[in-house]
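Undergrad: Quick check, what structure comes out for this input:
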Amino acid sequence: MTREKASLRSAALLVLFSLTCVSGTAIDAAADLDTPKLVYLLIEDDLLIASNIRFSRFDEFRLTAKESVQRKAVGDAVAVIATNERIIGYSALMAAWRSIRYAPGETLETVEVEDFSASIITNRRFLNFNGRNGLWAERLR
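TA: Numbering: from 1, shown residues only. Next up is the predicted model:
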């Protein structure tokens, strides 16, 4: 094989390898956008139970004695439970519960959950829960 043919063959292999890597990344990204159902929520008295399909496990969160569930919403990878004392988020990817307390006089207005995210509006704040990292963000109204 001549030096020119070898260079041409190396360049062709490099292009083929690059295309394979790029298309593989695109496929992975597209698959990530199509979120499978990873979490189901069970409520038994004062116990919240997340059925985490991703890790084949159940994660529990116990409510306080005076705490009662007002609303709940479940997406593909997150669950949010609003009680009379706080808002509790569960991330299937982090396999963890995270709660945020209401400010004095704060009341719940809306709860929306989809895929990896949750959006909550109270009379005082806008809140969101990121199911990819298990973190709450807030903004005053």
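Undergrad: Quick one: the helices in the chain, in order.
TA: For the chain, the helices defined by DSSP state H occupy 3-33.
Undergrad: Quick check: the gap between Trp136 and Gly89.
TA: When CB to CB, to the nearest Å is the yardstick, Trp136 and Gly89 sit 7 Å from each other. Where you see a C-beta, it was placed from the backbone N, CA and C, and this is true even at glycine.
Undergrad: more neighbours, those two?
TA: Applying other CB atoms under 10 Å to Trp136 and Gly89 shows that Gly89 carries more neighbours, namely 26 against 15.
Undergrad: quick one: that one from Arg57, how far?
TA: Plainly put, Gly89 is 17 Å away from Arg57 if you go by CB to CB.
Undergrad: Now do the strands in this structure.
TA: Using DSSP state E, the strands assigned to the chain run over residues 39-44, 47-52, 57-62, 69-74, 78-83, 86-91, 96-101, 108-114, 117-122, 125-130, 135-140.
Undergrad: For the ones you listed, give me CSV that also has mean pLDDT.
TA: As requested, the strands of the chain are exported to CSV (pLDDT from 0 to 100):
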stretch, mean pLDDT
strand 39-44, 97
strand 47-52, 98
strand 57-62, 98
strand 69-74, 97
strand 78-83, 98
strand 86-91, 98
strand 96-101, 98
strand 108-114, 97
strand 117-122, 98
strand 125-130, 98
strand 135-140, 98
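Undergrad: List the contacts of Asn123.
TA: If a contact means CB atoms under 8 Å, 6 or more residues apart in numbering, then Asn123 has 105-107, 109, 141 as its contacts.
Undergrad: Just give me the closest of these to Ser51.
TA: Minimum separation from Ser51 among these (CB to CB) is found for Glu109, which lies at 28.3 Å.
Undergrad: shouldn't that closest one be in contact with Arg124?
TA: No: Glu109 lies out of contact with Arg124 (CB atoms under 8 Å); the separation is 9.8 Å.
Undergrad: Look at the two and report which has more neighbours.
TA: For Glu109 against Arg124, the residue with the higher neighbour count under other CB under 10 Å is Arg124, and the figures read 16 against 13.
Undergrad: per the record, what domains does the protein have?
TA: Following the assignment in automatic domain parsing, the chain carries domains at 1-34, 39-140.
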